[in-house]
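Engineer: just a sequence and a predicted model for now, questions to come.
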Amino acid sequence: MAQRALKSYQSPSKRLILMSTKSPDKSGLETETMKPLMVSSSNMEKSDIPLGGPPSQGSGYDEFVRQAMKLAFCFLGLQASYLTWGYMQELIMTTEFTPTARVPSGLFPSAAFCVFSNRFLAVIVAMICVKFRRDSFFEKNSAPAYAYTPCALSNTFSSWSQYKALRYVSFPVQTVFKSSKVIPVMIMGRLLQGTEYPFSQYMEAAFITTGVAIFSLASKSGDSEKTTNMTGLLLLLTYVSCDSFTSQYQNRLYNRYGKVNIDQYQMMLGVNISAIAITISGLILSGEIPIVYEFLWENPNVFQYNVITAITSATGQLFIYYTIKEFGPIVFTLIMTTRQMISICISSLLFGHTISLTALVGACMVFGMIFFQIRRKYMARGSS
């Protein structure tokens, strides 16, 4: 990962700010380059932190505009991808389509097929990226294929639980509940990597979990006005637990084999190939393949919805990697938190979910603490 340091050279009227960037070259060794960020007047406050990025031949204003346009591109790309993905996800799992002989309810019969369609396109995208960057699909991947299996298994179960939970809880409940995975992440980090966390982070996690609990218990599941039931909460717990294991196990693979030897696209390829094998096995053993085929034949628009979901899932992954690479995890987290809030509003308007005043208080607790954490990390990085 690139390491950056700011250096300034001041003249009587202007100050040139340079960024010293250490990044690995093709051989894996670190090289240092100086990149101009902006030219400013000498009375620029020390708290101003200019946007980073590649060197620009123009003025400081031109550089600022270029970085602002890049940030807008990342923001709009992430919002478009994941807002569409979330809408399609809820549309597929909650809409009553034309019934079939084997599915008289008209509800889409297989969450596993939704996971499979997402993974299938993700493999194609990952293969293209790996071939472009590494000029080989598997030869330059130092991790054996079986190393990705635990990660793929947890990733498959988390995605399946996420889809299946929409049968029992509303999308807003699911979205807010995802924020509580900070505690499982800390537990998995402790178990898998021996990571230690300060007491303040445990308190923040407990505060978020309290807000999630208030929101979940006070929410209603759409027009039926049924309270969130235990099956949905168990599925959401499965989701956050498996998803937390996935991220921590990926970090473990990076630490074991080195990020120089495994990049994000190789990780994406390895995990999704194993995930496809797992989902196909599940579809065969459960006997869902003929049921899904019959349902899609009777409801071809559902197949189109699955394709759109797979496309937006793949583009979302690419935007995640690009945003983190260009602006870092803090900006990315801010964008995704904003996306969660927008998605709750869209889901409530389009699918008629009721959010009570008590539930709104719980949501404000969750997102308020998340924004507080983002600000704390930003201030810590600025002071360092």
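Structural biologist: Everything's here; your move. Everything numeric in this text was worked out from a predicted model, so none of it was measured. Numbers count the residues shown, from 1 in each chain.
Engineer: distance of residue 348 from residue 174?
Structural biologist: According to CB to CB, to the nearest Å, residue 348 and residue 174 sit 13 Å apart. From N, CA and C alone the C-beta is placed, and that goes for glycine too.
Engineer: the two: who's more crowded?
Structural biologist: residue 174 (27 against 16; other CB atoms under 10 Å).
Engineer: now the helices for this protein?
Structural biologist: Per DSSP state H, the chain carries helices over the ranges 60-94, 111-134, 149-165, 171-178, 182-193, 199-218, 230-257, 264-286, 288-298, 300-351, 357-383.
Engineer: just the C-alphas of the shortest one, formatted as PDB.
Structural biologist: Right, the one you point to is helix 171-178. Extracted C-alpha coordinates of helix 171-178, given in PDB (Å, rounded to 0.1, in the frame of the first residue of the first chain):
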ATOM      1  CA  PHE A 171     -34.900  -4.000   3.800                       C
ATOM      2  CA  PRO A 172     -34.500  -1.000   6.200                       C
ATOM      3  CA  VAL A 173     -34.100  -3.400   9.100                       C
ATOM      4  CA  GLN A 174     -31.600  -5.500   7.200                       C
ATOM      5  CA  THR A 175     -29.600  -2.400   6.200                       C
ATOM      6  CA  VAL A 176     -29.400  -1.000   9.700                       C
ATOM      7  CA  PHE A 177     -28.600  -4.400  11.200                       C
ATOM      8  CA  LYS A 178     -25.500  -4.700   8.900                       C
END
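Engineer: who are the packing partners of it?
Structural biologist: Packing partners of helix 171-178 (3 or more CB pairs under 8 Å, 6 or more residues apart in numbering; DSSP states H and E): helix 60-94, helix 199-218, helix 230-257, helix 300-351, helix 357-383.
Engineer: how far off helix 199-218 does the fourth one point, in degrees?
Structural biologist: Put plainly, it is helix 300-351. Angle, helix 300-351 to helix 199-218, by axes from the mean of the first three to the mean of the last three CA atoms, to 10 degrees: 100 degrees.
Engineer: counting by contacts, list what helix 300-351 packs against.
Structural biologist: Using 3+ CB pairs under 8 Å, 6+ apart: helix 300-351 touches helix 60-94, helix 111-134, helix 171-178, helix 264-286, helix 288-298, helix 357-383.
Engineer: what does the first one give?
Structural biologist: Using 3+ CB pairs under 8 Å, 6+ apart, the elements in contact with helix 60-94 are strand 30-41, helix 111-134, helix 149-165, helix 171-178, helix 300-351.
Engineer: centre of the chain versus it, how much separation?
Structural biologist: The chain centroid and the centroid of helix 60-94 are separated by 12 Å under CA atoms, centre = their mean, to the nearest Å.
Engineer: likewise for the third one?
Structural biologist: For helix 230-257, the distance from its own C-alpha centre to the chain's C-alpha centre is 13 Å (CA atoms, centre = their mean).
Engineer: next, the buried residues of it.
Structural biologist: The neighbour-count check on helix 230-257 (16 or more other CB atoms under 10 Å) flags 232-233, 235-250, 252-254, 257 as buried.
Engineer: now do stretch 93-101: distance to the chain's middle.
Structural biologist: 29 Å.
Engineer: what about residue 60, distance to residue 109?
Structural biologist: Counting by CB to CB, the separation of residue 60 from residue 109 is 58 Å.
Engineer: buried set for stretch 155-172?
Structural biologist: Across stretch 155-172, burial judged by 16+ other CB under 10 Å covers 155-166, 168-172.
Engineer: and the pLDDT for residue 23?
Structural biologist: pLDDT, residue 23: 46.
Engineer: also the one 3 residues further on?
Structural biologist: Looking at residue 26, its pLDDT stands at 41.
Engineer: distance of residue 123 from residue 269?
Structural biologist: Taken as CB to CB, the span from residue 123 to residue 269 is 7 Å.
Engineer: so for these two, which sits in the more crowded spot?
Structural biologist: The neighbour count for residue 123 versus residue 269, taken as other CB under 10 Å, is higher for residue 269 (25 against 19).
Engineer: give me the nearest residue to residue 337, chain neighbours excluded.
Structural biologist: Leaving aside its chain neighbours, residue 337 sits nearest to residue 370 (5.2 Å; criterion: CB to CB, 6 or more residues apart in numbering).
Engineer: should've said residue 168
Structural biologist: Distance criterion CB to CB, 6+ apart; nearest residue to residue 168, sequence neighbours excluded, is residue 232 at 3.1 Å.
Engineer: show me the contacts for that neighbour.
Structural biologist: Neighbour list for residue 232: 165, 167, 168, 169, 173, 221 [criterion: CB atoms under 8 Å, 6 or more residues apart in numbering].
Engineer: mean confidence score for stretch 103-119?
Structural biologist: Rounded mean pLDDT across stretch 103-119 is 94.
Engineer: alright, I will stop here.
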